[in-house]
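[1] let me see the structure of the following:
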Amino acid sequence: MAGDIVRNNQTKKDPDQVLDKITKALEGLKYGEVVIKVQGGKVVFVDRYERERIE
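    Numbers count the residues shown, from 1 in each chain. Predicted structure coming up:
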């Protein structure tokens, strides 16, 4: 899901849809990070980077 784009003009997106994208990016994430990129006061990317720990 890395690079999941929210783009397509935020004005057309309901803020709840953006929050849903962020929530989906966080679901099941055990090790990693979620990066939310904002441009002009609008969310343009939600990136998920997942790492797998090897023991």
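[2] number of nearby residues for Phe45?
    Counted with other C-beta atoms under 10 Å, the neighbours of Phe45 add up to 15. All C-beta atoms are positioned from the backbone trio N, CA, C, and that covers glycine.
[3] what helix or strand is it on?
    Assessed by DSSP states H and E, Phe45 sits inside strand 42-50.
[4] note down every partner strand of that strand and its orientation.
    Strand 42-50 sits in its sheet next to strand 4-5 (antiparallel), strand 32-39 (antiparallel), going by DSSP bridges.
[5] can you list those in a markdown table and add distance to Val18?
    Listed next are those as a markdown table, based on distance: least, C-beta to C-beta, whole Å:
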| stretch | distance to Val18 |
| --- | --- |
| strand 4-5 | 11 |
| strand 32-39 | 9 |
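[6] looking at those, which is closest to Lys21?
    Nearest of those to Lys21, taken as C-beta to C-beta: strand 4-5 at 6.5 Å.
[7] restricting to C-alpha, output the strand holding Phe45 in CSV.
    Listed next in CSV are the C-alpha coordinates belonging to strand 42-50 (Å, rounded to 0.1, in the frame of the first residue of the first chain):
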residue,chain,number,x,y,z
LYS,A,42,-4.6,19.5,1.7
VAL,A,43,-3.6,15.9,2.1
VAL,A,44,-2.0,14.7,-1.1
PHE,A,45,-0.4,11.4,-0.1
VAL,A,46,-0.8,8.7,2.5
ASP,A,47,2.2,6.5,2.4
ARG,A,48,2.6,3.2,4.4
TYR,A,49,5.9,1.6,5.0
GLU,A,50,5.8,-1.8,6.6
